[in-house]
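Visitor: mind looking at a prediction? Sequence and model below.
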Amino acid sequence: MSPPSPQESKTRSRKHAANRATTLLLGVAAFLALLLVGAVFTAQAWLEAYLKSDDFRHRVESAMSRVLNSEVRLSKLRREGSSLSSESLDAEGSAGARFKQLELHGLHAEVDLGGLWKRVWRLDHLKIQNLRANFDTPEASAAPAANLSPPTSPPAWLSAILPKRGEFGTLQADLCDLQKGSLDARQIRLTATPSGVDWEITAESGELRLPNAPTLSLVSAKLVLRNHALALRNSRFLVPGGGELTASGDWSESDGTDLRAQLKNVPLDGILHPWWRTRLKGNLQGELRFQKTAAEGSSQECSGTLELQSGRLEALPILAHLETFLGSSRLRSIPLKKASAKIHLTQDRKTFQNIDFDGDGLIRIQGTVVIEGESLHGQLQLGLSPSLMQWLPAARSFLFKEQRDGYVWTPIELSGSLANPTENLSEKLLDASKDSVLNAIQSVTPVVPPATAPAVDTLKNSAKGALDALKSVLPGK
């Protein structure tokens, strides 16, 4: 075989050099790929270890302390796959915080690992087993949030790729106990979803406790949480014994509170003072409005108009006295054809105006009653059917002078207390009865024989004494 020509040798040398270069490039590429994979696994391993570390937990505590203006304590973090969990988080509000105490137990979050490439901590679903919060204002003496020293920083190369902000998906709390002043909500189930800069919240089950009111069972409520504001929509509560209450309204730091509530078939039993529970029956319907300005120290006011459905007056002392004087048993239990009043309630004063109780042609009560603490006073008009006055004509002549709307009317003054109310009509009726008896006896005096005159005088004195004795046992006398 003849030796290769110089040209062929040169070509072969070039091919051999190219093959060596290709082999070298492939080796470098393989090495770089292995190095990259190793870096990824190293970064992932470091990230997993970092997420479980006390250093990361302290960073979360420090960030939350600054955001919430509170002292935050977070228990050890656990990671399984894309899930993070912790047994508890406690926060104690400092001076100027929006809450006094916050306790969370059984925290579990699903982390969107895809968000890490965008340098975002994204929790797609945060679930909390138990949440307790007291939203009262922390005492002025409360210490400011601890100025925690920053934890050890991760390597600079990793800091450059770690997320810088956080995002939330759905937040769910199975059992929540929330307290704000005298408002106490227990065992509420909350689901919150971000909507732009707002949060849309659904509340279900649980109960709402208010002072001097029956405990309400929550059916459902929709809320929108905004910056320094809260809107309540489509809330519905059930009342013990039947009936329901619906409410909607708004609260904000700048405008205060404006809440409207509708009552439907709400029993009076759980609302009235014990003395009145056996004497006034029925179910309330109507609309109330609760208002409170944002001014510091302002008090809440409640106003509205209420109607009583299936109302009934029973065993009222004044009705018992009327029954005695008028000789009628029809006043023992009176069904109310109509019963309504306009109310205005403040912390110290309860005013009931435009009272109108219509006993279906038998009796009618109109006027105003004011309650201050336990004290009671009022100005009422009592209307009676003229047919009831046949046994006491003097009362109609001296007391029930006005006639309108099918009744004869007389004024009544209320006083005393809620537990022991008194009125001035019974004494007036007694005086009218006494005058009727004495006038009747006096009318027969001229026609009796002179020999029986002493007996007539004795009868007069006996009648007067008996009526005076009855007067002495009247309530408040």
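Guide: Structure received. Because the structure is a prediction, the values reported are computed rather than measured.

Visitor: so which other helices or strands are in contact with the host helix or strand of residue 343?
Guide: Assigned by DSSP states H and E, residue 343 falls within strand 338-345. Applying 3 or more Cβ pairs under 8 Å, 6 or more residues apart in numbering; DSSP states H and E, we find strand 338-345 packed against strand 301-314, strand 349-358. Just so you know, the C-beta spots here come from the backbone N, C-alpha and C atoms, and that holds for glycine as well.

Visitor: other residues contacting the first one?
Guide: Residues from elsewhere that reach strand 301-314, judged by Cβ atoms under 8 Å, 6 or more residues apart in numbering: 263, 265, 268, 278-292, 319, 332-336, 338-346, 357, 359, 363.

Visitor: just the buried subset of the residues you listed, please.
Guide: Neighbour counting with 16 or more other Cβ atoms under 10 Å marks 263, 268, 280-286, 288, 290, 292, 319, 334, 336, 339-343, 345, 357, 359, 363 as buried within the contacts of strand 301-314.

Visitor: pairing partners for residue 88 in the sheet, please.
Guide: residue 105 (DSSP bridges).

Visitor: test my guess that it contacts residue 128.
Guide: No: Residue 88 lies out of contact with residue 128 (Cβ atoms under 8 Å); the separation is 10.1 Å.

Visitor: identify the contacts common to these two.
Guide: By Cβ under 8 Å, 6+ apart, residue 88 and residue 128 have these common neighbours: 104-107.

Visitor: mind checking how far residue 62 is from residue 99?
Guide: Remark: distance between residue 62 and residue 99 (Cβ to Cβ, to the nearest Å) = 19 Å.

Visitor: typed the wrong thing, it's residue 395
Guide: In terms of Cβ to Cβ, residue 395 sits 63 Å off from residue 99.

Visitor: show me which of those two is the more surrounded one.
Guide: residue 395 (25 against 20; other Cβ atoms under 10 Å).

Visitor: which of the helices or strands spans the more buried one?
Guide: helix 393-398.

Visitor: where does the stretch 51-200 of the chain have low pLDDT?
Guide: 51-52, 56, 63, 67, 112-123, 139-168 (pLDDT under 70).

Visitor: pull out the buried positions in stretch 177-196.
Guide: Neighbour-count burial for stretch 177-196 flags 177-179, 185-186, 188-190, 192 (criterion: 16+ other Cβ under 10 Å).

Visitor: and residue 88 and residue 128? which has more neighbours close in?
Guide: Between residue 88 and residue 128, counted using other Cβ under 10 Å, the more crowded position is residue 128 (19 against 15).

Visitor: mind listing what residue 231 touches?
Guide: Going by Cβ under 8 Å, 6+ apart, the list of residues near residue 231 reads 223-224, 249-251.

Visitor: columns pLDDT and neighbour count on top of these, output as CSV?
Guide: Shown next, in CSV, are those (pLDDT from 0 to 100; neighbours: other Cβ atoms under 10 Å):
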residue, pLDDT, neighbour count
223, 92, 17
224, 92, 15
249, 94, 17
250, 93, 17
251, 87, 16
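
Visitor: taking these one by one, which sit in strands?
Guide: Among these, the members found in strands (DSSP state E) are 223-224, 249-251.

Visitor: thinking again about what came up before, rebuild the buried residues of stretch 177-196 as CSV, extending it with secondary structure and distance to residue 387.
Guide: Below are these laid out as CSV (DSSP: H, G, I helix; E, B strand; the rest coil; distance: Cβ to Cβ, whole Å):
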residue, secondary structure, distance to residue 387
177, strand, 59
178, strand, 58
179, strand, 57
185, strand, 54
186, strand, 55
188, strand, 56
189, strand, 59
190, strand, 61
192, strand, 65
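
Visitor: how many neighbours does the residue nearest to residue 241 when sequence neighbours are not counted have?
Guide: Among residues not flanking residue 241 along the chain, residue 267 sits closest, at 4.3 Å (Cβ to Cβ, 6 or more residues apart in numbering). Neighbours of residue 267 under the rule other Cβ under 10 Å: 18.

Visitor: over to residue 64?
Guide: For residue 64, the number of neighbouring residues by other Cβ under 10 Å comes to 17.

Visitor: and it, helix, strand or coil?
Guide: What DSSP: H, G, I helix; E, B strand; the rest coil gives for residue 64 is helix.

Visitor: mind listing what it touches?
Guide: 70, 72, 74, 89, 91.

Visitor: residue 334 now?
Guide: Taking Cβ under 8 Å, 6+ apart, one finds 312-314, 319, 359-360, 362-363 in contact with residue 334.

Visitor: swap in 7 Å and give it another go.
Guide: Going by Cβ atoms under 7 Å, 6 or more residues apart in numbering, residue 334 touches 312-313, 359, 362-363.

Visitor: now it: how far from residue 383?
Guide: Distance from residue 334 to residue 383, by Cβ to Cβ: 12 Å.

Visitor: shared neighbours, the two?
Guide: Contacts common to residue 334 and residue 383, judged by Cβ under 7 Å, 6+ apart, are residue 363.

Visitor: where in the stretch 351-477 of the chain is pLDDT low?
Guide: 391-392, 394, 432-477.

Visitor: that one: helices as residue ranges?
Guide: With DSSP state H, counting those that start in this stretch as the criterion, the stretch 351-477 of the chain has helices at 393-398, 425-444, 453-472.

Visitor: and the closest residue to residue 104 other than its chain neighbours, how far is that from residue 72?
Guide: Distances taken as Cβ to Cβ, 6+ apart put residue 89 closest to residue 104, at 4.4 Å, once the chain neighbours are dropped. According to Cβ to Cβ, residue 89 stands 7 Å off from residue 72.

Visitor: for residue 91, same thing?
Guide: Plainly put, residue 91 is 5 Å away from residue 72 if you go by Cβ to Cβ.

Visitor: ok, residue 376 next?
Guide: Residue 376 sits 51 Å away from residue 72, taking Cβ to Cβ as the criterion.

Visitor: got it, and residue 415?
Guide: Residue 415 is 57 Å from residue 72, by Cβ to Cβ.

Visitor: and if you look at residue 221?
Guide: Counting by Cβ to Cβ - residue 221 and residue 72 are separated by 28 Å.

Visitor: try residue 344
Guide: From residue 344 to residue 72 the distance is 44 Å (Cβ to Cβ).

Visitor: quick check: which element contains the closest residue to residue 177 other than its chain neighbours?
Guide: Nearest non-adjacent residue to residue 177, counting by Cβ to Cβ, 6+ apart: residue 132, 4.7 Å away. Counting by DSSP H and E, the element that carries residue 132 is strand 120-134.

Visitor: so which elements touch that strand?
Guide: Under the contact criterion of 3 or more Cβ pairs under 7 Å, 6 or more residues apart in numbering; DSSP states H and E, strand 120-134 touches strand 101-111, strand 165-180.

Visitor: CSV for those strands, including distance to residue 306?
Guide: Shown next, in CSV, are the helices and strands packed on strand 120-134 (distance: least, Cβ to Cβ, whole Å):
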stretch, distance to residue 306
strand 101-111, 37
strand 165-180, 26
